[in-house]
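In: What follows is a predicted structure for the sequence shown.
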Amino acid sequence: MKRTDVTPEVSLSLFEDAIPLFQVLADVNRQRIIVEIAKHERLNVNQIDEKIELSRPAISHHLKLLRQAGIVSSEKVGTENFYFLTLEDAVGLLKALTRAIEDECIL
């Protein structure tokens, strides 16, 4: 049964809002970084480098994109930046999109 409060415009807007998130999550190396941080709660670049076979500059680049997408944040401890997941907004957007798809597209 369709809900009346979700319009095609709302669904399209949510899809549009999710594009940057989908683009960031589409990369297998970023997926691996997310999984490693999730397993260990917080990691620095050296620790990620030990777990994933990428160059440090490549890891830093992927972390930058993940930060821009709001998937990770960092905290400076001494001279090291430790990265941790901040998925609340991303998961909220994906849940809203899923609800809109269910409400608008599934009869």
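Out: Yep, it's here. Owing to the predicted nature of the structure, the values given are computational and were not obtained by experimental measurement.

In: From here on, just use CA atoms for contacts and neighbour counts.
Out: Fine.

In: got the contact list for the helix or strand containing Leu63?
Out: Using DSSP states H and E, the element containing Leu63 is helix 56-68. Counting by Cα atoms under 8 Å, 6 or more residues apart in numbering, helix 56-68 makes contact with Val24, Asn29, Arg30, Val45, Asn46, Ile48, Asp49, Val72, Ser73, all of which sit outside it.

In: Just those: which are in helices?
Out: In helices, defined here by DSSP state H, the members of these are Val24, Asn29, Arg30, Val45, Asn46, Ile48, Asp49.

In: how near is the third one to Leu63?
Out: Between Arg30 and Leu63 the distance is 8 Å, computed by Cα to Cα, to the nearest Å.

In: Between these two, which has more neighbouring residues?
Out: With other Cα atoms under 10 Å as the criterion, Arg30 and Leu63 differ in neighbour count, and Leu63 comes out ahead with 21 against 18.

In: Give the rounded mean pLDDT of the helix holding Leu63.
Out: pLDDT averaged over helix 56-68 equals 96, rounded to a whole number.

In: most centrally placed residue in this protein?
Out: Residue closest to the average C-alpha location in the chain (Cα atoms, centre = their mean): Ile71, at 3.9 Å.

In: Phi, psi for it please.
Out: phi -90, psi -30 (degrees, to the nearest 10).

In: Ok, the one 5 residues further on next?
Out: According to degrees, to the nearest 10, the main-chain angles of Lys76 amount to phi -80, psi 120.

In: Next, the contact list for it, please.
Out: Under the criterion of Cα under 8 Å, 6+ apart, the contact partners of Lys76 comprise Phe82.

In: That one and His62, how far apart?
Out: With distances taken as Cα to Cα, Lys76 is found 18 Å from His62.

In: same check, this time on Ala26
Out: Taking Cα to Cα as the criterion, Ala26 is separated from His62 by 12 Å.
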